[in-house]
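Undergrad: Could you look at this predicted model? Sequence included:
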Amino acid sequence: MKKTEMGRFNISPDEDSSSYSSNSDFNYSYPTKQAALKSHYVDVDPENQNFLLESNLGKKKYETDFHPGTTSFGMSVFNLSNAIVGSGILGLSYAMANTGIALFIILLTFVSIFSLYSVHLLLKTANEGGSLLYEQLGHKAFGLAGKLAASGSITMQNIGAMSSYLFIVKYELPLVIKALMNIEDTNGLWYLNGDYLVLLVSFVLILPLSLLRNLGYLGYTSGLSLLCMIFFLIVVICKKFQIPCPVETVLMANETVNGTFTQVALAVLASNSTVADTCRPRYFIFNSQTVYAVPILTFSFVCHPAVLPIYEELKSRSRRRMMNVSKISFFAMFLMYLLAALFGYLTFYEHVESELLHTYSAIVGTDILLLVVRLAVLVAVTLTVPVVIFPIRSSVTHLLCPTKEFSWLRHSIITVTILAFTNLLVIFVPTIRDIFGFIGASAAAMLIFILPSAFYIKLVKKEPMRSVQKIGALCFLLSGIVVMIGSMGLIVLDWVHDASAGGH
């Protein structure tokens, strides 16, 4: 559920248009997703955007006006928080279960600080480079290769986000239908098969919305998505005090609750372990799944394509003011992520699944509160997928046929192809953990570590390479490369190990 900003945007009904009106009379209440779309389908020369007006050349670049911002400081904080929080929050408890509480907090702190530092680099590069478009910064820095790297990373991140949303549909919708219809025996019922339901939702609900040329009204889902995640966090905290340790429940009830927990209970009995040992929090954990922790965290903190549009619409715009917006937003999300991970982990300990919400079905089943949470999450992600498709389709359109007239046939073929490809990923990729891991280690690492620092080194000319700022950016770039290569390598090794063991 990655979002962007609230502002006064007018999305042209022609998706192939390269112009973007910033003085529209059409006001959205929560059009936070729309600003992120802006960086994808605006493909014009920066000089034609009046970013660096001739009359302003005497000013410092970082004080140059694009157009007066209309969004207040508080609403900008809300919008950037929208841009940060997403489906990654559902995987944080799994990350903590495979790192331990202390190690997770250390990693969470470093990733949030590094993400904030990359926002600083991005804002300074945008002002010095004279563009508020991520792809245009890439073009200014490294030509077509830089533009393709930025566009490709953002597209991969969006495909990963889409896949994670459809994974939630795959996991949660069968449970909702089962609860609403009060079905006990699920054998042979096609409408309780997650793969079939993903296809059904995708092509009956998501596809018609995705085929629209103007998705402005879906901006309201930004606020809904954030409220849904806050509601999810509240429920996770409450459930910690309602649900006893899972293994304790199985052992005391002496009944089959769920295959996973039954096996865990048998393992506990076989090893003569006590319930207290099984339900004791651990602070440092290293196992084969620990490698997914950093990618899950980086996936959860990606908001960088949305930063520049939010900056553009900030009232009384300045880099210092935008950094204050970023600090508050990142700190708020840091607390939200920490609480969600901690209380989810302290509820299920090492038995947390890669998607936290799905784990609750093993214990509480048809609980009304969780049913409401599932319905809210399903509605939010279903309405969010078309908004995520929009920039991917626009990027593909501008890459393949930037000068051609709008065609409904091309528009429809690209939309169906994107949706079909994402459905194949959701059906054949074993778990949402793999989506979080792969996208977090690749596209998210590019957007947080590598691209902002590379653009900064190339475009900020007033600082010599031996300056502290440039050396810091270079170290940040190198650390990003190490994180990306190291995480990807370890994840691939884990996949190979699972495949050889029959796990995939």
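TA: Okay, I see it.

Undergrad: hey, where'd the strands end up in the stretch 151-300 of the chain?
TA: Applying DSSP state E, counting those that start in this stretch to the stretch 151-300 of the chain gives no strands.

Undergrad: where does it have low pLDDT?
TA: Within the stretch 151-300 of the chain, the segments meeting pLDDT under 70 span 185-187, 214-223, 246-277.

Undergrad: tell me, how many neighbours does residue 313 end up with?
TA: Residue 313: 26 surrounding residues under other CB atoms under 10 Å. In this view, the C-beta of every residue, glycine as well, is placed from N, C-alpha and C.

Undergrad: Just to check, it is in contact with residue 68?
TA: No: using CB atoms under 8 Å, residue 313 is not in contact with residue 68, being 9.4 Å away.

Undergrad: Residue 115: which element?
TA: For residue 115, the host element (DSSP states H and E) is helix 101-129.

Undergrad: which phi and psi does residue 285 have?
TA: Phi and psi for residue 285, reported as degrees, to the nearest 10, are phi -130, psi 130.

Undergrad: ok, it - contacts?
TA: 97-100, 103 (CB atoms under 8 Å, 6 or more residues apart in numbering).

Undergrad: How about it: what's its closest non-neighbour residue?
TA: Spatially, and ignoring its direct neighbours in sequence, residue 285 is nearest to residue 100 (4.1 Å; CB to CB, 6 or more residues apart in numbering).

Undergrad: neighbours around residue 329, how many?
TA: 25.

Undergrad: What pLDDT is listed against it?
TA: Looking at residue 329, its pLDDT stands at 93.

Undergrad: Surely it and residue 75 touch.
TA: No: using CB under 8 Å, residue 329 makes no contact with residue 75, being 11.4 Å away.

Undergrad: Confirm that residue 68 sits in a helix.
TA: No: the assignment for residue 68, made by DSSP: H, G, I helix; E, B strand; the rest coil, is coil rather than a helix.

Undergrad: ok, back up a step: tell me the average confidence for the helix holding residue 115?
TA: For helix 101-129, mean pLDDT rounds to 93.

Undergrad: Neighbour count added to the contacts of residue 285, as CSV?
TA: As requested, those are arranged in CSV below (neighbours: other CB atoms under 10 Å):
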residue, neighbour count
97, 29
98, 24
99, 30
100, 19
103, 19
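
Undergrad: can you give me phi and psi for the residue nearest to residue 285?
TA: phi 90, psi 160.

Undergrad: I figured residue 312 hits residue 132, correct?
TA: Yes: using CB under 8 Å, residue 312 makes contact with residue 132 at a distance of 4.9 Å.

Undergrad: can you count the residues close to residue 190?
TA: 9.

Undergrad: Around the residue nearest to it when sequence neighbours are not counted, how many other residues sit close by?
TA: Computed as CB to CB, 6+ apart, the closest residue to residue 190 that is not its neighbour in sequence is residue 196, at 5.3 Å. Per other CB under 10 Å, the neighbour tally for residue 196 reads 15.

Undergrad: per-residue pLDDT, the closest residue in space to residue 451 that isn't next to it in sequence?
TA: With sequence-adjacent residues excluded and distances taken as CB to CB, 6+ apart, residue 451 is closest to residue 150, at 5.9 Å. Looking at residue 150, its pLDDT stands at 89.

Undergrad: Surely residue 150 is within a helix?
TA: Yes: assessed with three-state DSSP, residue 150 lies in a helix.

Undergrad: so it makes contact with residue 134?
TA: Yes: judged on CB under 8 Å, residue 150 makes contact with residue 134 at a distance of 5.1 Å.

Undergrad: From the contact counts, what lies against the helix holding residue 115?
TA: helix 92-97, helix 134-181, helix 293-301, helix 304-313, helix 319-348, helix 451-459, helix 468-500 (3 or more CB pairs under 8 Å, 6 or more residues apart in numbering; DSSP states H and E).

Undergrad: Thanks a lot, see you next time.
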